[in-house]
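**Student:** Predicted model follows, preceded by the sequence.
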Amino acid sequence: MAKLSGFVLCCLLLAAMPLPAPAPGLSEIDGQIRAEETNNSKIMWIIHEIADVYGPRVTGTPNLRAADDWAVKTMTSWGLANAHLEPWTFQPPSAATPAPGWENMEVLAEAVAPFHGQLMVKPLAWTPSTIGVVTAHVAMLDPPGLAPPTGGGFNFFGDPPPPEPKWAAPPMPAKAKPAEPKQPRQVELDAYLNSVKDKVRGAIVLVGRHIEVLEEMNSAAMRRPEGEWKSRFDEKNPRPFHFPEQPKVPEGQLTRAEVSRQVDQFLVDNGALARINDAGRAHGIINAQQNSTYDWARAVPTLVMRNEDYGRISRILGDGTIVTLRVNIQNKEYPEGATAYNAIGEIPGTDRKDEIVMLGGHYDSWHDATGATDNGIGSSMMLEAVRILTALHVQPRRTIRIALWSGEEQGLLGSRAYVQQHFGSFENQKPEYARLDAYFNIDSGTGKPRGAGVFGPAGAADMVREAMMPFMDWGFMGAVKSDSRRVGGTDSTSFNNAGLPGIGLAQDPFDYGSFTHHTNLDTYERIYEEDVREGAVEIAWAVYALAMADQMVPRFKTEEMPKPVPQPGPGSQAVPVRHVPAN
């Protein structure tokens, strides 16, 4: 009887104890994610740290390494597991050997005569220093093949053009073939350079005629019209925006980049003190990227000058007046930068923990500003998304893994190395290949996601579209499939190239293509807080929804998998289709 009474008492006590709360449903998590961002947002603090404190973040530099260490420490403090750095060898396709890091420490350019005043310039990365302060007369060269593109608007002196759309677009309809450019043959370039050899020794050399930038009477819209977004992501009949193809240079003619590289060697061989390029942009905007060889022994100290200053000097030289400039450029190389890093962190999964949903963006930037819109804010949205999920103590079925890539600006190098190390390719699969569910990427500035391009069959786009449809009220328009394995534009294409489900998120332009992309205006002030907060919420939700789904994102069957696109070779740029220049 006593044993029976004890058993009854035990049952009564168990009945009185509270039961474990059931796992929240997807709709409940949606509300919690929105509430966490509304009440406890950290995204503007994150972009402040990435851009203001650690910017710029050029691959191979101490700044980027410090930003990597900050990311690992911060992710760990939020509760992410396995936060760490993964090394890879930094050797751009056009570099003969692994490249060191490069940083500008000091730059000064001023006119001495016939007028005096400071000139607005930015140094070209991976070019050398001057031997202290140099004062010299200006020589101007106008080599064949470096005339500005029609309409002006960008500095194309060996630099890659503005970027393609940062999403995986479906095939574009056939368009009229662009006109073939008239570029010089080697004999023509040699003849010109031999004719000006005596002009450059001991001179500061302006290379290329002044670019006449047309006045833009209709400023670029901050958002695309809703009708364009709907048409672009119409699941039944998507109509992607058309971006013109880059015309091919006929065989036997030199490309602009080849001409520029030969001019660099000509200036080195003939004792020029410095090279100056025209920025070719209105309103003091400067885009200075890199010496494409990454070898500063193959270039003279090089600056990109704002169009207005370059034009003034050009006109005075045209009068027959001697112009004298004073220049001081002090750059530094970091041999240890030949080893670069990707920053990784995880939210561990439960019953399907070996399967992985990834999200990420490139963390590196150029040196002209602090890399806020390209792509500090994309990285910030991804970091805020995982912060939200860890703050809610979610327990996803699949592991959620964030990656902050380096080397994107030099050809998607960090993400390509990671994909090769972890997954291989469809044709040469590693064990993790089958376990990657999908990879989300964002990389076009401060706008929230408006649609997604998904590598895979129609079912892949359907699944992503369904996952993100709760945000139609915020302007998300849908998802479309892609079958392109071309590498270029942004890091999702590294996954696509391997035959994996890369998801590129499309965004409104804001000031990205017209003002901030790779320019001296790419700063914290250009971040639009409302959109990036909404973007972090949308990404957190989409990643969680896929991590909880019963099925993985569909992939092409073996017989349907598109053929791989050959990787770019040495001297080429890993960027296919581009934005239409804003001016």
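**Tutor:** Yep, it's here.

**Student:** going forward, measure contacts between C-alpha atoms and count neighbours the same way
**Tutor:** Noted.

**Student:** phi, psi of residue 284?
**Tutor:** Residue 284 has phi and psi values of phi 80, psi 10 when expressed as degrees, to the nearest 10.

**Student:** Now do the buried residues in the strand or helix carrying residue 542.
**Tutor:** Assigned by DSSP states H and E, residue 542 belongs to helix 529-548. By 16 or more other CA atoms under 10 Å, the buried positions in helix 529-548 come out as 531-548.

**Student:** and that helix, average pLDDT?
**Tutor:** Average pLDDT, helix 529-548: 98.

**Student:** pretty sure residue 80 is touching residue 349, no?
**Tutor:** No: the pair residue 80 and residue 349 fails to qualify as a contact (CA atoms under 8 Å) at a distance of 11.6 Å.

**Student:** residue ranges with poor pLDDT in the stretch 151-300 of the chain?
**Tutor:** Scanning the stretch 151-300 of the chain for pLDDT under 70 picks out the ranges 151-181, 240-246.

**Student:** and the helix or strand encompassing residue 63, what other elements does it pack with?
**Tutor:** Residue 63 belongs to helix 62-78 when assigned by DSSP H and E. Secondary-structure packing of helix 62-78 (3 or more CA pairs under 8 Å, 6 or more residues apart in numbering; DSSP states H and E): strand 81-89, strand 339-347, helix 377-391.

**Student:** partners of the first one in the sheet?
**Tutor:** Yep, that's strand 81-89 we're talking about. Strand pairing for strand 81-89, determined by DSSP bridges: strand 339-347 (antiparallel).

**Student:** Pull the residues that contact the partner strand.
**Tutor:** Where contact means CA atoms under 8 Å, 6 or more residues apart in numbering, the residues beyond strand 339-347 that reach it are 59-60, 65, 68, 71-72, 75-76, 80-90, 386, 390, 396, 399-407, 414.

**Student:** which of those residues are buried?
**Tutor:** Neighbour-count burial (16+ other CA under 10 Å) applied to these gives 59-60, 65, 68, 71-72, 75-76, 80-81, 83-85, 87-90, 386, 390, 396, 399-407, 414.

**Student:** can you state the direction angle for the helix holding residue 63 and helix 377-391?
**Tutor:** Counting by axes from the mean of the first three to the mean of the last three CA atoms, to 10 degrees, helix 62-78 lies at 20 degrees to helix 377-391.

**Student:** what about dumping the CA coordinates of helix 62-78 to PDB?
**Tutor:** What follows is helix 62-78, C-alpha atoms only, in PDB (Å, rounded to 0.1, in the frame of the first residue of the first chain):
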ATOM      1  CA  PRO A  62      46.800  44.500 -41.600                       C
ATOM      2  CA  ASN A  63      43.400  46.300 -41.800                       C
ATOM      3  CA  LEU A  64      41.700  43.300 -43.300                       C
ATOM      4  CA  ARG A  65      43.400  40.900 -40.900                       C
ATOM      5  CA  ALA A  66      42.300  43.100 -37.900                       C
ATOM      6  CA  ALA A  67      38.700  43.100 -39.300                       C
ATOM      7  CA  ASP A  68      38.900  39.300 -39.600                       C
ATOM      8  CA  ASP A  69      40.000  38.900 -36.000                       C
ATOM      9  CA  TRP A  70      37.200  41.300 -34.900                       C
ATOM     10  CA  ALA A  71      34.600  39.200 -36.800                       C
ATOM     11  CA  VAL A  72      35.800  36.000 -35.200                       C
ATOM     12  CA  LYS A  73      35.800  37.600 -31.700                       C
ATOM     13  CA  THR A  74      32.400  39.200 -32.300                       C
ATOM     14  CA  MET A  75      30.700  36.000 -33.700                       C
ATOM     15  CA  THR A  76      32.100  34.100 -30.700                       C
ATOM     16  CA  SER A  77      30.700  36.600 -28.300                       C
ATOM     17  CA  TRP A  78      27.200  36.200 -29.900                       C
END
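
**Student:** any low-confidence regions in the protein?
**Tutor:** Ranges of the chain meeting pLDDT under 70: 1-25, 148-181, 240-246, 567-583.

**Student:** Mind naming the longest strand for it?
**Tutor:** Taking DSSP state E as the criterion, the chain has its longest strand at strand 101-113.

**Student:** now could you export just the CA positions of it as CSV?
**Tutor:** C-alpha atoms of strand 101-113 as CSV (Å, rounded to 0.1, in the frame of the first residue of the first chain):
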residue,chain,number,x,y,z
GLY,A,101,49.5,43.0,-49.3
TRP,A,102,49.7,46.7,-50.3
GLU,A,103,48.8,49.9,-48.4
ASN,A,104,49.1,53.6,-49.1
MET,A,105,50.6,55.4,-46.1
GLU,A,106,50.9,58.9,-47.5
VAL,A,107,49.9,60.8,-50.6
LEU,A,108,50.4,64.4,-51.7
ALA,A,109,49.9,66.1,-55.1
GLU,A,110,50.0,69.8,-55.7
ALA,A,111,50.6,72.2,-58.5
VAL,A,112,53.7,74.4,-58.2
ALA,A,113,53.5,76.4,-61.5
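
**Student:** I'm done for today, thanks for sticking with me.
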